[in-house]
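Asks: mind folding the following:
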Amino acid sequence: MARWDPGAEERLRRAALELYLEHGYDNVTVTQIAERAGLTRRSYFRYFPDKREILFAGSEALPPALADAILAADPDAAPLTAVLDALSRIGTRLVEEVEGVPQRRAVIDASPELRERERTKTAAITEAIRSALVRRHVSALTAVLVAELATVAFQNAFRQWTAADGQAGFDGCLREVTEELRSAFAGT
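Replies: Alright, predicted model coming up:
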């Protein structure tokens, strides 16, 4: 077997997701994932540090991508508008490019350990949004409020998109969530 097997990382991701869905996250071992992918346990650790991170691999690219999209937004756009536009673009790309998003969501939702890891990822997204807004010369308080509100909207749009099972576009889900928020603030 070659030291770096082409396609090994993707096979490991698929194997992990299949096994987590079949048996539950807590009942699956790294060895089982590696065997299902046709690799050794040692090969597994060349790609992922543990069985949890296989579900979150690549997520470290999301906060900087969001920050870049916010910084590239129209300089005259209101802070929330700039952030929601960035979230729509990045979220749409995310759901189109990442395989097995709804299944991954189901595995995470079923595990307290994975939900905790998801909260860490969410905090990084919120911080990236806040930081980008400050770099756009938005006041610190407004940046925090917009970042937290936008993160909540993003999470809810993502849940809504997942529940729609691909029958709705992510940008439409985000628009619907933001309209609900606007109605709630307006009291309608």
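Asks: which regions of this protein sit below the pLDDT cut-off?
Replies: Applying pLDDT under 70 to the chain picks out residues 1-4, 188.
Asks: any figure for the gap between the most centrally placed residue in it and I125?
Replies: Geometric centre of the chain, nearest residue: S59, 6.1 Å, by CA atoms, centre = their mean. Distance, S59 to I125, using CB to CB, to the nearest Å: 9 Å. The way it works is simple: take the backbone N, C-alpha and C, and place the C-beta from them, glycine included.
Asks: ditto for F158
Replies: 11 Å.
Asks: after the helix or strand harbouring V146 comes which helix or strand?
Replies: Assessed by DSSP states H and E, V146 sits inside helix 140-163. Sequence-wise, the next helix or strand downstream of helix 140-163 (DSSP H and E) is helix 170-186.
Asks: thought R136 was touching A82?
Replies: Yes. Taking contacts as CB atoms under 8 Å, R136 lies within contact range of A82: 7.0 Å.
Asks: between these two, which one's more packed in?
Replies: More neighbours surround A82 than the other of R136 and A82, with 25 against 16 (other CB atoms under 10 Å).
Asks: any idea whether that one is helix, strand or coil?
Replies: What DSSP: H, G, I helix; E, B strand; the rest coil gives for A82 is helix.
Asks: show me the contacts for it.
Replies: I70, A73, D74, L133, R136 (CB atoms under 8 Å, 6 or more residues apart in numbering).
Asks: going by neighbour count, which of those comes out on top?
Replies: I70 (29 neighbours).
Asks: just put the contacts of A82 in CSV and tack on secondary structure.
Replies: Output for these, formatted as CSV (three-state DSSP):
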residue, secondary structure
I70, helix
A73, coil
D74, coil
L133, helix
R136, coil
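Asks: what helix or strand does the closest residue to T40 other than its chain neighbours sit in?
Replies: Residue nearest to T40 in three dimensions, not counting chain neighbours: A34, with 5.8 Å by CB to CB, 6 or more residues apart in numbering. Under the criterion of DSSP H and E, A34 resides in helix 30-36.
Asks: same thing with R119?
Replies: Going by DSSP H and E, R119 is part of helix 112-135.
Asks: and that helix, what does it pack against?
Replies: helix 62-71, helix 79-97, helix 101-109, helix 140-163 (3 or more CB pairs under 8 Å, 6 or more residues apart in numbering; DSSP states H and E).
Asks: who's in contact with A147?
Replies: Contacts of A147 by CB under 8 Å, 6+ apart are V83, T126, E127, I129, R130, L133.
Asks: sorry, back to before: dump the contacts of A82 to TSV, plus distance to F45.
Replies: Output for the contacts of A82, formatted as TSV (distance: CB to CB, whole Å):
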residue	distance to F45
I70	35
A73	40
D74	45
L133	38
R136	41
